[in-house]
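Asker: When you get a sec, could you give me coordinates for this:
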Amino acid sequence: MVKQTAVCIAVLGIVSFGSAAAPGRQFSSAMSCLHRQAAKQEDRARRAQALTLAKAIHVAEAGVVRRTRQYESLENLPTLPAVPAGFQLSLYAGRAGYIFSIKDTLDPCRFAVFSDASGLLYEQSALDAPMIAQ
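Answerer: Purely as a prediction, here's the structure:
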C-alpha cells in the first residue's frame with residue numbers, strides 16, 4: 001500500500017504541477033495569488049468549498065470501498081457537493097486506490113487541493129519554475 005500511495009503522489013505531482021506550468025505560461029513571485037493571507041472573502045469561501053468537497057470525496061470513497069472492496073470513479077460516487085466556481089476536479093480511481101485534485105483555474109498561481117486514498121489533504125500553489133521542458 002505504501003508503494004501504491006507513493007505512485008499516486010508522483011502521478012498527482014505530474015498532473016497538478018505539469019498542467020500548471022503549461023508552455024508559454026510565466027510564473028512570478030509578484031503575481032496576485034488568490035489564496036494567500038490577503039485573500040478576499042469570496043476566495044476564502046471558494047477555498048473552503050473546495051476543502052468540503054475534498055472531505056466529501058474521502059467519505060464517499062470510504063463508503064464505496066467498504067461495500068465493494070474497490071474505489072470508484074467520480075460518476076459512480078454518491079452525491080457530492082458542487083465543484084466551487086472556478087475550480088476543476090479530477091479524480092482517478094482504481095482497485096488499489098484513488099487520487100484527486102481540485103484546482104482553482106481563476107488563480108494565477110494555480111492553487112490546488114489534492115489527496116489520495118490515505119485520506120490526508122494537501123493544498124498549495126504551483127511551483128514558480130515550469131516543470132515541462134520546452
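
Asker: Could you tell me how many residues sit around the closest residue to residue 125 other than its chain neighbours?
Answerer: Leaving aside its chain neighbours, residue 125 sits nearest to residue 109 (3.9 Å; criterion: Cβ to Cβ, 6 or more residues apart in numbering). All C-beta spots, glycine's among them, are computed from the backbone N, C-alpha and C. By other Cβ atoms under 10 Å, 21 other residues sit near residue 109.

Asker: and the gap between residue 109 and residue 90?
Answerer: Distance of residue 109 to residue 90, given as Cβ to Cβ, to the nearest Å: 18 Å.

Asker: cool, residue 56 as well?
Answerer: Using Cβ to Cβ, which is the criterion applied here, residue 56 is 16 Å from residue 90.

Asker: How about residue 36?
Answerer: Distance of residue 36 to residue 90, computed by Cβ to Cβ: 24 Å.

Asker: So which of the two has more stuff around it?
Answerer: Applying other Cβ under 10 Å to residue 36 and residue 90 shows that residue 90 carries more neighbours, namely 16 against 13.

Asker: so where do the strands sit in this structure?
Answerer: Using DSSP state E, the strands of the chain run over residues 87-94, 97-104, 112-116, 121-124.
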